[in-house]
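Novice: predicted coordinates and the sequence they were generated for:
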Amino acid sequence: MPSMKGLGPISYQGNAVPRPKKAGEHQVISLIVRSKAADGNVDQGIGLVHPDSCSPWAEGSPSPALLHIAPARGTDCILTIRLDEGVERGCILLDHVQQHNLHLAALEKYDFSLFQPHDEESFEANSLEGEVRLLRAKEAGISGRVEIDAARLRQALAKQLFHRIVAVNELVLVHLDGLALVVRMTEVHNLDELARQEAVSYHCYRAMVTPDTVIDLTEEGQNHDRSGSATSHASRVGSKSVKLINNPQRVKADSRATMLDVVTCDGEVFPVKRKLLRPCISLTQAVRDTQQASVHLASVNTLVFDRVLICLEAEAAGRAVPDFAVHLLGDLLHAAEDLGCRSLQDYCRAKLGKLDLAIHPRSFQEVKARNAAGQCWLTLDGMVLDVTRWLDEHPGGSTIIPAQALNLDCSRFFEVYHSSRESFLYLQEFYIGELTAADAAAVPQPEEPSPEFLAQLRAYTTFRVRVNEADEQKVYKSF
Ligand code: HEM
């Protein structure tokens, strides 16, 4: 499985190639946009610039013939340019589709800089998905649907896009058999489908096309975007201009197994990786039940859930949670409480100066007292776990734990009842401290767990805190 490190707005996973720093890479150059005449597929989608106008970029580049540049602001699309002595100095020739993609107007002057992917960014496109329509069908006097050979269109696209960086929603104009076709990129992936499903957090919105990039095509209006809704204009008006033939569709994995639609209280739907939601213990059943397609949040709205997701993704990727402004933390804390996400609660409380450290040494006497008072505290190999609020979500049911596992060391139960090691993944959420050494030794243990289980448990629970003698004294005093 690829490394999970460094996940950002683009997935930085995979086979990133370290890049040498290039001269002139931060150099901003102002160029006037001029419209390029349509010229069939020759240089389609490629900008032209006089070599003298961009010499600082070309000097440092390993292949100055084709450069990737980006307007200083306002677009995800990256422009590929070729140096051409025929272009007026200080100008850049762009076709209309490029001007549209880059939000640039002819005769205006814009700042451009050489595009640099992040050092750790895997930039090769594994696959692209695009929806096809006919350009200006009415003007061309074409009514009804035109049959297009998808295999040949894929070939033409692969050739035209080779070594270009394409972005989601970018339009690509392709000429085929005298027809002008527009392909809108609906998905761009730098990981294969399996790796995407494995990844807890994955976003990719642009990547470079290579000879290995798989291109899938659909007729406009057939395609569904990531949220599951058809978005194109044609789908709304119900018109289709092309019929793709010779276009076998790849069978896609059922995303229900990996994704859960989270519906916020204001009705927004967030398709979220089930794995990412695992720390939200109030959602355990919904997350584990792959037949359940959606879960509704009664009191978390879109804006707050958006922040929750940012935090969950940061946590999953081992990155620091962003520094949210203090006025946002109250809502975030309520959401974290509703979702049962302990790490996020701790984060908010720490920021609000309210951190009441839940994790500290515990006596067995306290465990028994809590259980007598109706709570559900477990002891597992010396750890104390508070599962009170989670009982209804426990996949093994809400009754077995209070009936069998209280006031004893439940290691053996834990071992025999859990066939997988999935249960380990939840432990940190419930962990509230360690029994003192003396108490741990004195806890009744109906049956000993196997040494293999204990070794696995201890290897997994690296979050455990050590209790020293001074702490042990505190336990008895404080309780
Ligand atoms: C913090 C404590 C616990 C956690 C996090 C936990 C978690 C889980 C999970 C994730 C499953 C479903 C997956 C699997 O089989 O591994 C499960 C199933 C189950 N758990 Fe637990 N569990 C805990 C404590 C216990 C205890 C103490 C008992 C028994 C006294 C128990 C009894 C069961 C049973 C009977 C099942 C159903 C097994 C099956 O259907 O094959 N669990 N638990």
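Specialist: Yep, that arrived. Residues are numbered from 1 along each chain as shown.

Novice: list the contacts of stretch 159-169.
Specialist: 41, 44-46, 66, 68, 76-78, 80, 101, 115, 123, 125, 128, 172, 174, 184-188, 205-211, 213 (Cβ atoms under 8 Å, 6 or more residues apart in numbering). For the C-beta atoms, the positions are set from N, CA and C on the backbone; glycine is no exception.

Novice: same check on stretch 30-37?
Specialist: By Cβ under 8 Å, 6+ apart, stretch 30-37 touches 43, 47-49, 53-54, 88, 90-96, 99, 104-112.

Novice: got it, and stretch 328-339?
Specialist: 280-283, 297-300, 303-305, 307-308, 311, 324, 342, 344-345, 347-349, 351-352.

Novice: filter these to the buried ones?
Specialist: 280-283, 297, 300, 304-305, 307-308, 311, 324, 342, 344-345, 347-349, 351 (16 or more other Cβ atoms under 10 Å).

Novice: just checking: which of those residues also lie near the ligand?
Specialist: For the ligand, no contacts are drawn from the buried ones among the contacts of stretch 328-339 by Cβ under 6 Å from any ligand atom.

Novice: take the residues you listed and keep only those in helices.
Specialist: 304-305, 307-308, 311, 342, 344-345, 347-349, 351 (DSSP state H).

Novice: can you give me the helices in the stretch 151-300 of the chain?
Specialist: 193-198, 233-237, 284-288 (DSSP state H, counting those that start in this stretch).

Novice: could you do the stretch 351-479 of the chain as well?
Specialist: 364-372, 400-404, 411-417, 427-430, 437-442, 451-460, 469-478.

Novice: got the phi/psi numbers for the nearest residue to Gln456 once chain neighbours are set aside?
Specialist: With Cβ to Cβ, 6 or more residues apart in numbering as the criterion, Gln456 has its nearest non-adjacent residue at 6.9 Å, and that residue is Arg421. The phi/psi pair for Arg421 (degrees, to the nearest 10) reads phi -100, psi 20.

Novice: quick one, grab the pLDDT at Arg421.
Specialist: Listed pLDDT for Arg421 reads 81.

Novice: and the residue of the chain that's closest to the ligand?
Specialist: Gly396 (2.4 Å; Cβ to the nearest ligand atom).

Novice: ranking the helices of the stretch 151-300 of the chain by mean pLDDT, which is last?
Specialist: Among the helices of the stretch 151-300 of the chain, helix 233-237 scores lowest, at a mean of 42.

Novice: wait, Glu220 sits on Ser241?
Specialist: Yes: contact criterion Cβ atoms under 8 Å: Glu220 and Ser241 qualify, at 6.8 Å.

Novice: how far is stretch 276-289 from where the chain is centred?
Specialist: Computed by Cα atoms, centre = their mean, to the nearest Å, the chain-centroid distance of stretch 276-289 equals 17 Å.

Novice: can you tell me how far the residue lying closest to Leu427 once chain neighbours are set aside is from Leu435?
Specialist: Sequence neighbours aside, Thr461 is the residue nearest to Leu427 in space, at 6.1 Å (criterion: Cβ to Cβ, 6+ apart). Distance of Thr461 to Leu435, given as Cβ to Cβ, to the nearest Å: 14 Å.

Novice: these two: who's more crowded?
Specialist: Neighbour count, other Cβ atoms under 10 Å: between Thr461 and Leu435, Leu435 has more, with 26 against 16.

Novice: so what pairs up with Thr80 in the strands?
Specialist: Ile46, His68 (DSSP bridges).

Novice: so what sits against both of Thr461 and Leu435?
Specialist: Met383.

Novice: from Pro451, how far out is the residue nearest the centre of the chain?
Specialist: Ranked by distance to the mean C-alpha position of the chain (Cα atoms, centre = their mean), the top residue is Tyr202 at 2.6 Å. As judged by Cβ to Cβ, Tyr202 and Pro451 stand 38 Å apart.

Novice: ok, now which ones touch Arg342?
Specialist: 279, 281, 336, 358, 428-429 are the contacts of Arg342 under Cβ under 8 Å, 6+ apart.

Novice: contacting residues around Tyr426?
Specialist: Counted by Cβ under 8 Å, 6+ apart, Tyr426 has contacts 278, 281, 284, 390.

Novice: ok, and the closest non-adjacent residue to Leu173?
Specialist: Val97 (4.6 Å).

Novice: could you report the pLDDT at the one you found?
Specialist: 91.

Novice: repeat for Ala70
Specialist: 88.

Novice: quick check, it in contact with Ile81.
Specialist: No: taking contacts as Cβ under 8 Å, Ala70 lies outside contact range of Ile81: 10.7 Å.
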